[in-house]
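Enquirer: Quick one, what's the 3D model for this:
(2 chains)
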There are 2 protein chains.
Amino acid sequence: MREVFQQELREVQDRLVEISTLVADSIERATQAFNESNVALAETVIADDDKIDALAAELDELAIQILARQQPVARDLRIVVSALRISASLERMGDMSEHIAQLARYRFPEKVVPKGLRGTFRDMGALDVEIARKLTELLRTEDVEIAEQIRNEDDKVDALHLSVFDKVLGETWKGAAVDTVDATLASRYHERFADHAVSISKKVQYLATGDWVPLDA
Amino acid sequence: MREVFQQELREVQDRLVEISTLVADSIERATQAFNESNVALAETVIADDDKIDALAAELDELAIQILARQQPVARDLRIVVSALRISASLERMGDMSEHIAQLARYRFPEKVVPKGLRGTFRDMGALDVEIARKLTELLRTEDVEIAEQIRNEDDKVDALHLSVFDKVLGETWKGAAVDTVDATLASRYHERFADHAVSISKKVQYLATGDWVPLDA
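Expert: From the prediction side, this is the model:
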């Protein structure tokens, strides 16, 4: 029974890695579409989000079946519950990619990134992509040093997020209301994407170290 | 064993009702603080969010203990997993209240609600409060007609959310960038609050009808 359980846990882990890979691909295309106002690329991100949602739902189904069949207790039980939470966060990361892509689509053929913020959004996008790639690696290897790296990158995303507001609320800002709205929403989506990655990292640390992380961490 | 399980499920339900009551109280104070730029009231919302987080974490702990002790299968198992998801959504609703309160605090002593949007935010806030009260009632009674009412109110929130963008992006908008930022963020938080309530409603419908709702619904 124990061996079957370990095998099922590996299946859960493989699927988390698969979903995380799709999320990383999604944010890479979303941020490129956003930064280059590439509406065709944005459409692919929007279309592909259903796949992430479906895989997350299938993973939940598997986790529930494991709970029913294997009746795990103690740490094993918490691992399966962690997987359910990680899947929910990955699904939300996919939603953030989709929202970023939608902004690019809404404004087309206008450029969506306001002047004066091109470099900021390029940096935020690159950080989100890097965070997503590292997250996939963390889920694959459970190397807790990667969790630390993700937290550091998230700090950089938070700093850029604040700098967007500094810019938009500063005296030199000449953007129209539409630029202000786009900057506000896009920055929020980029920041939330990274937040979810940090939240997942903490749960993976549990898988590796056994320290249970409460919901709100 | 079955009777103990039913008793534990009632305990879970009671706690969900308790958290939902706090969330309803939180959004009521948050929207009042926001609409009236009442920074003292905003501070209470921000301070009290820790309590919601702690209760949600305790509920998760209870749900995990029930899984370990009772080893539920089939529908019983899904009920406990649903409770974990509902708790996560309630916790996020509390965060949205907190964010709305933070906006009021950031701008103080300036008014946070831009001119021309007072009525809109008053309506959105009233709808969010009503949705939260109905959600508490739904969790208490499992009366699925309330779920339908919540979906209808959420449609109204979505319409108001879109009207905020129409206003801000319209030709008559004279707001400064800070007004545009505040309107954008506040509207998003009000809308997300209602979204989470709809997502919980669907899960409560499962508890009542047995139709399992996938993660992304």
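Enquirer: So for stretch A:125-134, mean pLDDT?
Expert: Stretch A:125-134 carries an average pLDDT of 98.
Enquirer: same question, stretch A:197-213
Expert: Mean predicted confidence for stretch A:197-213 is 83.
Enquirer: now stretch A:95-113
Expert: pLDDT averaged over stretch A:95-113 gives 94.
Enquirer: In contact with the residue most central in space within chain A, which residues are there?
Expert: By Cα atoms, centre = their mean, chain A has its centre lying nearest to A:Met93, at 3.3 Å. Contact partners of A:Met93, counting by Cβ atoms under 8 Å, 6 or more residues apart in numbering or on different chains, are A:23, A:27, A:132, A:193, A:196-197. C-beta: built from backbone N, CA, C; applies to glycine.
Enquirer: How about A:Val204?
Expert: Residues counted as contacts of A:Val204 (Cβ under 8 Å, 6+ apart) are A:82, A:86, A:138-139, A:142, A:144, A:147.
Enquirer: Among these, which lie within strands?
Expert: Of the contacts of A:Val204, none are assigned to strands by DSSP state E.
Enquirer: Close to chain B: what parts of chain A are there?
Expert: Neighbours of chain B within chain A, by Cβ under 8 Å from any Cβ of the partner chain: A:53, A:56-57, A:60, A:64, A:67-68, A:71, A:73-74, A:77-78, A:81, A:84-85, A:87-88, A:91, A:165, A:168-169, A:173, A:175, A:177-178, A:180-181, A:184-185, A:188, A:214-216.
Enquirer: that older thread, distance check, the residue nearest to the centre of chain A against A:Ile19.
Expert: 9 Å (Cβ to Cβ, to the nearest Å).
Enquirer: what about the residue nearest to the centre of chain A, distance to B:Leu90?
Expert: Where B:Leu90 is concerned, A:Met93 sits at a distance of 21 Å (Cβ to Cβ).
Enquirer: At which residues are the helices of chain A located?
Expert: A:2-36, A:39-70, A:74-107, A:118-141, A:144-168, A:177-209 (DSSP state H).
Enquirer: for the last one, which positions count as buried?
Expert: Meaning helix A:177-209. Within helix A:177-209, the residues that count as buried by 16 or more other Cβ atoms under 10 Å in any protein chain shown are A:177-207.
Enquirer: Then the first one?
Expert: For helix A:2-36, the buried set under the neighbour-count rule, 16+ other Cβ under 10 Å, comprises A:5, A:8-9, A:12-13, A:15-35.
Enquirer: just to revisit the earlier point, quick check, nearest of the contacts of A:Met93 to B:Asp48?
Expert: B:Asp48 lies nearest to A:His196 out of the contacts of A:Met93, by Cβ to Cβ, at 24.4 Å.
Enquirer: need the contact list for that closest one.
Expert: Contacts of A:His196 by Cβ under 8 Å, 6+ apart are A:89-90, A:92-93, A:96.
Enquirer: go with 10 Å
Expert: A:23, A:86, A:88-96, A:131-132, A:135, A:154 (Cβ atoms under 10 Å, 6 or more residues apart in numbering or on different chains).
Enquirer: Whichever of the residues of chain A next to chain B count as buried, I'd like them selected in ChimeraX; how would that read?
Expert: Buried residues among the residues of chain A next to chain B (16+ other Cβ under 10 Å), as a ChimeraX selection:
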select /A:53,56,57,60,64,67,71,77,78,81,84,85,87,88,91,165,168,173,175,177,178,180,181,184,185,188,215,216
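Enquirer: and the residue nearest to A:Phe5 when sequence neighbours are not counted, how many residues sit next to it?
Expert: Nearest residue to A:Phe5 in three dimensions, chain neighbours excluded: A:Gln70, at 4.8 Å (Cβ to Cβ, 6 or more residues apart in numbering or on different chains). Counted with other Cβ atoms under 10 Å in any protein chain shown, the neighbours of A:Gln70 add up to 18.
Enquirer: what does A:Ala42 give?
Expert: 26.
Enquirer: Quick check: it touching A:Asp49?
Expert: No: contact criterion Cβ atoms under 10 Å: A:Ala42 and A:Asp49 do not qualify, at 11.4 Å.
Enquirer: who touches both of those two?
Expert: Common neighbours of A:Ala42 and A:Asp49 (Cβ under 10 Å, 6+ apart) are A:30, A:98, A:101-102.
Enquirer: out of those residues, which are buried?
Expert: A:30, A:98, A:101-102.
Enquirer: what stretches of chain A score poorly on pLDDT?
Expert: Counting by pLDDT under 70, chain A contains low-confidence residues at A:1, A:210-217.
Enquirer: how about a cut-off of 90?
Expert: A:1-3, A:74-75, A:108-111, A:115, A:205-217 (pLDDT under 90).
Enquirer: In stretch A:92-111, which residues are buried?
Expert: By 16+ other Cβ under 10 Å, the buried positions in stretch A:92-111 come out as A:92-105, A:107, A:111.
Enquirer: so how far is that stretch from its chain's centroid?
Expert: 15 Å (Cα atoms, centre = their mean, to the nearest Å).
Enquirer: same deal with stretch A:37-50?
Expert: Counting by Cα atoms, centre = their mean, stretch A:37-50 comes out at 16 Å from the chain centroid.
Enquirer: can you list contacts of that stretch?
Expert: Residues contacting stretch A:37-50 (Cβ under 10 Å, 6+ apart): A:22-23, A:25-34, A:36, A:91, A:94-95, A:97-113, B:216.
Enquirer: residues near A:Ala159, how many?
Expert: 12.
Enquirer: pretty sure A:Arg140 contacts A:Val17?
Expert: Yes: with contact defined as Cβ under 10 Å, A:Arg140 and A:Val17 form a contacting pair (5.0 Å).
Enquirer: Wait, A:Gln149 touches A:Leu127, no?
Expert: No: counting by Cβ under 10 Å, A:Gln149 does not reach A:Leu127; the two are 11.3 Å apart.
Enquirer: Of the two, which one has the most company?
Expert: Shown here are A:Gln149 and A:Leu127; by other Cβ under 10 Å, A:Leu127 has more neighbours (21 against 16).
Enquirer: Return the members of the contacts of A:Val204 classed as buried.
Expert: Listed as buried from the contacts of A:Val204 are A:82, A:86, A:138-139, A:147; burial here means 16+ other Cβ under 10 Å.
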